[in-house]
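S.K.: A predicted structure for the sequence below; I have some questions about it.
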Amino acid sequence: MNQETLILLNEAVDGTLDPARRPELERVLREDSEAAALYRDLDRIAGAVRAMPAVRVPAHFTRGVMDRLPARPEPSLSRRHDLATRLRSLWSPRLALAFAAGCLATFIVTGGIDPVSTGDASGTMAQPGASHRALPGGIGRVTVSETPDARVVGIEIARPDPAAAAPEIIVSVAAGDSILYTGRF
Amino acid sequence: MSDADDRDLVVRTLAGDRRAFEAIVDRYAGTVYSVAARAVGPGPDAEDVAQNVFLKIFEHLPSYRPSFRFFSWMYRIALNESLNAVRRKRPVSGTEPDDVPDDAVADGELEAADLEDAIGEALMRLTEEDRALVILRHYEDLPYRDIAFIMETTESLVKSRLFTARQRLRTVLTTRGIRLDA
């Protein structure tokens, strides 16, 4: 059985088959007995999973949860007043892009920033001679690299869970008053 | 039960209404307990995992974003907690379900006589992740997009792994002599 037929059958079992391909499915089922047997089996399996009885929840389950519930739905005390945690919770790709665009516009209008540190090659964005500035609350940092033709602005924004994912990196390249490129990594 | 109802309960919980959260627990106790029971087996362990899931949901409720269905967000927490519980229980050198040869299945792991009874046992022959995929698609009837969000993967990977998981189920059942054409 070829890969195309396999995909066709599985899409049909999944209920995601394009209705326009229904005649093709019917033809395959009519002409290919192996495919017809596979389709029948997979469809029966999907139906059997659908018909599985619900697992019985132990008595007083809800009461047990409610008895263990803290007073309010808040993070633990150590994190409650942590500004960085609160800022990270607001993170979203759209917000990050908007933030990047705002920063870039500011840099273009003001003609750059005062270097806070130079020559730091330890970070992901660091380039020799680049200037860096940390964002408030430890949510990330901005790196600006100048070349004779363009200004490259990189913004690293820490993910909500730094252990699980690398920082969001947004890079914009500007020349004069024009933004040549903005990308997210 | 619509997602709008869920969001209303979330807003009320965040405003300090504990009865709203009690309604959330009542509404989804079956779903969350099922996820836990299918991972660690029904009983006190599953109950403990399921209770911890709801405590985690409560704690993280301020970070819930309505751009995702509450059900999917909740399910992701339930699945992660359950998988973590399985990993804690499993010995370091333990056998992964996928490592079990098919002849071991033929030796009598599945006792049930017909497909409806056997399917639950056959699902336990899959990895936890593949089992979750099959249940999310065919039992919870979720679209690829929501499954991808829950499993923290891509829709195309959901689709291809689902194909493989179903075929694996078929192999397990037919090897055991369960008739699929009945």
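M.R.: Perfect, thanks for sending it.
S.K.: Specify the next element, helix or strand, located C-terminal of the lowest-mean-pLDDT helix or strand in chain A.
M.R.: Least confident element among the helices and strands of chain A, by mean pLDDT, DSSP states H and E: strand A:117-118 (a mean of 42). Per DSSP states H and E, the first helix or strand lying C-terminal to strand A:117-118 is strand A:131-134.
S.K.: so what strands line up beside that next one?
M.R.: With DSSP bridges as the test, strand A:131-134 is paired with strand A:117-118 (antiparallel), strand A:140-146 (antiparallel).
S.K.: Show me what counts as buried in the last one.
M.R.: Just to be clear, that refers to strand A:140-146. A:140-145 (16 or more other CB atoms under 10 Å in any protein chain shown). Bear in mind the C-beta positions are built from the backbone N, C-alpha and C, glycine included.
S.K.: Next secondary structure after the host helix or strand of residue A:10?
M.R.: Residue A:10 is located in helix A:3-14, with elements delineated by DSSP H and E. Under the assignment DSSP H and E, the closest C-terminal helix or strand after helix A:3-14 is helix A:22-31.
S.K.: Export only the CA atoms of that next one, formatted as PDB.
M.R.: Output of helix A:22-31 as PDB, limited to C-alpha atoms (Å, rounded to 0.1, in the frame of the first residue of the first chain):
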ATOM      1  CA  ARG A  22     -14.500  11.200  -0.900                       C
ATOM      2  CA  PRO A  23     -14.900   9.600  -4.400                       C
ATOM      3  CA  GLU A  24     -11.200   8.800  -4.400                       C
ATOM      4  CA  LEU A  25     -11.600   7.100  -1.000                       C
ATOM      5  CA  GLU A  26     -14.500   5.100  -2.200                       C
ATOM      6  CA  ARG A  27     -12.700   4.000  -5.300                       C
ATOM      7  CA  VAL A  28      -9.700   2.900  -3.200                       C
ATOM      8  CA  LEU A  29     -11.900   0.900  -0.900                       C
ATOM      9  CA  ARG A  30     -13.600  -0.700  -3.800                       C
ATOM     10  CA  GLU A  31     -10.500  -1.700  -5.700                       C
END
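S.K.: Identify the residues contacting it?
M.R.: Contact partners of helix A:22-31, identified using CB atoms under 8 Å, 6 or more residues apart in numbering or on different chains, comprise A:5, A:8-9, A:12, A:17, A:35-36, A:39.
S.K.: Following the chain past the lowest-mean-pLDDT helix or strand in chain B, name the next helix or strand.
M.R.: Least confident helix or strand, chain B: helix B:102-106 with a mean of 44, by mean pLDDT, DSSP H and E. Next in sequence after helix B:102-106, counting helices and strands by DSSP H and E, comes helix B:115-123.
S.K.: Which strands and helices lie in contact with the following helix or strand past that following helix?
M.R.: Next along the chain after helix B:115-123, taking DSSP H and E as the criterion, comes helix B:128-134. The contact analysis (3 or more CB pairs under 8 Å, 6 or more residues apart in numbering or on different chains; DSSP states H and E) places helix B:128-134 against helix B:18-40, helix B:70-89, helix B:144-151, helix B:155-175.
S.K.: Tell me what angle the following helix or strand past the longest one forms with helix B:18-40.
M.R.: Okay, so that is helix B:18-40. Scanning forward in sequence from helix B:18-40 by DSSP H and E, the next helix or strand is helix B:44-60. If you take axes from the mean of the first three to the mean of the last three CA atoms, to 10 degrees, helix B:44-60 sits at 140 degrees to helix B:18-40.
S.K.: Helix B:44-60 and chain A in contact?
M.R.: Yes. Judged by CB under 8 Å from any CB of the partner chain, helix B:44-60 and chain A are in contact via B:47, B:50-51, B:54-55, B:58-60.
S.K.: For those residues, which single residue is the most surrounded?
M.R.: Using other CB atoms under 10 Å in any protein chain shown as the neighbour criterion, residue B:50 leads the residues of helix B:44-60 next to chain A with 31 neighbours.
S.K.: Point out where chain A drops to low pLDDT.
M.R.: A:73-96, A:99-100, A:103-129, A:136-137, A:148-149, A:159-168, A:171-185 (pLDDT under 70).
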